[in-house]
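Peer 1: give me the fold of what follows.
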Amino acid sequence: MDDTPHAPVSTPLTTPTIRLTTMAHGGGCASKIPPGELEEVVGALAGQQYDSVIVGLEDGDDAAAVRISGDTAVLSTADFFTPVVDDPFDWGRIAAANALSDIYAMGGDPVVAINLVGWPREVLPYELLREVLAGGLAVAQEAGVPVIGGHSVDDPEPKYGMAVTGTAHPDRLLRNDAARPGLPLTLTKPLGVGLLNNRMKSTGEASAVAVETMTALNRDASKAALAAGVRAATDVTGFGLLGHLHKMARASGIGAIIDRAAVPLIEGAAEALRDGYVSGGTRRNLDWVRDQVRAGAGIGEEDLLLLADAQTSGGLLVVGEVPGYPIIGETVAGDGIDVR
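Peer 2: Down below sits the predicted model:
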């Protein structure tokens, strides 16, 4: 298992002379397989019956949950992606925060992580990989999670992420199928990092505020949601706000309303949208949910693209009010998503 190089936590060792984002066809969670195609593929895994499985494949939750005792469920997830920024240390930090987020989105506590690495060893020096791993370790240590081993392959595109194991109480899981109508929708991070990341990939113009947002852990938001008695949540990543809300509403048999004006945006996102830095992943996200979305008066295509923006290490979308975070809409009886 332990064939991944290791490095102590440090500040970045070098300034990269190679732009990592130019070495991949897509960046971050925008490089995911489109949601409709993915659901069709993983359908091959359906039909498994195990009494210990609490949360499996059915509703596209953020992590699997398996009961191992009356008061303990083990959570398991994996997440990795191509470079979303050019700085290798920051890429490692972002990827680690993103992987840990799946555990927080289920209401759990991460326990251990292992690295997942794809590396073009004849193209990129190992010094850069050491920085990537050091960045991942820095965020894992912030979360109090040991990073022990992993797996690596020689890959023409650089990829990095983590498989994370966590625990939670089986009766306090945050699930996709537990949303109920008549509750507020809370979003714990602003939207728009996909737009800013796509601009950086195109121009080399980095966004410090986007990096800050993507490296922030969802730990405090998760604990606040649990303290508020929340039972349904997900994190907003590669399928965008609309895609992840659609999955949760579909699993729970409800509808939703989004107040577009209430959705917080990261600094510079509106300008990146105006200038056309919309990723292919974002457009595919909108295509997937378009027939489930009803746009109200004054809501245009750009508004919908923003709500479908493919986030990397985004915030939690919570069904319920979480003190200190903005409410962006509500759940309702019915189906579909109304954007007003």
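
Peer 1: correct me, but residue 285 touches residue 306?
Peer 2: No - the pair residue 285 and residue 306 does not pass the contact test of C-beta atoms under 8 Å, sitting 11.1 Å apart. For glycine as for every other residue, the C-beta is placed from the backbone atoms N, C-alpha and C.

Peer 1: what about residue 238, how many neighbours?
Peer 2: 29 (other C-beta atoms under 10 Å).

Peer 1: now name the helix or strand holding it.
Peer 2: If you go by DSSP states H and E, residue 238 is not part of any helix or strand.

Peer 1: you'd agree it is up against residue 310?
Peer 2: Yes - applying C-beta under 8 Å, one finds residue 238 in contact with residue 310, separated by 5.0 Å.

Peer 1: quick one: average pLDDT of stretch 148-157?
Peer 2: For stretch 148-157, the mean pLDDT works out to 96.

Peer 1: can you pull the buried residues of it?
Peer 2: Of the residues in stretch 148-157, 150, 152 count as buried by neighbour count, 16 or more other C-beta atoms under 10 Å.

Peer 1: ok, now stretch 116-135?
Peer 2: 116-119, 124, 128-135.

Peer 1: quick one: the residue nearest the centre of the chain and residue 270, what's the gap?
Peer 2: Central residue of the chain (C-alpha atoms, centre = their mean): residue 237, 3.2 Å from the mean position. Distance of residue 237 to residue 270, given as C-beta to C-beta, to the nearest Å: 21 Å.

Peer 1: higher neighbour count, residue 285 and residue 306?
Peer 2: residue 285 (32 against 26).

Peer 1: so where is the protein shaky, pLDDT-wise?
Peer 2: Across the chain, the ranges flagged by pLDDT under 70 are 1-17, 26-32.

Peer 1: just the strands from it, written as ranges.
Peer 2: If DSSP state E is used as the criterion, the strands of the chain fall at 53-55, 64-69, 72-81, 109-119, 147-154, 159-168, 184-187, 232-235, 255-258, 293-295, 316-319, 327-332, 337-339.

Peer 1: out of those strands, which comes closest to residue 210?
Peer 2: Evaluated over these, closeness to residue 210 peaks at strand 72-81, with 15.0 Å, by C-beta to C-beta.

Peer 1: in that closest one, what counts as buried?
Peer 2: So for strand 72-81, counting by 16+ other C-beta under 10 Å, buried means 73-75, 77, 79-81.

Peer 1: residue 25 and residue 82 touch, don't they?
Peer 2: Yes - taking C-beta under 8 Å as the definition, residue 25 is a contact partner of residue 82 at 7.5 Å.

Peer 1: between these two, who's got more neighbours?
Peer 2: Neighbours were counted for residue 25 and for residue 82 using other C-beta under 10 Å; residue 82 has more, 24 against 8.
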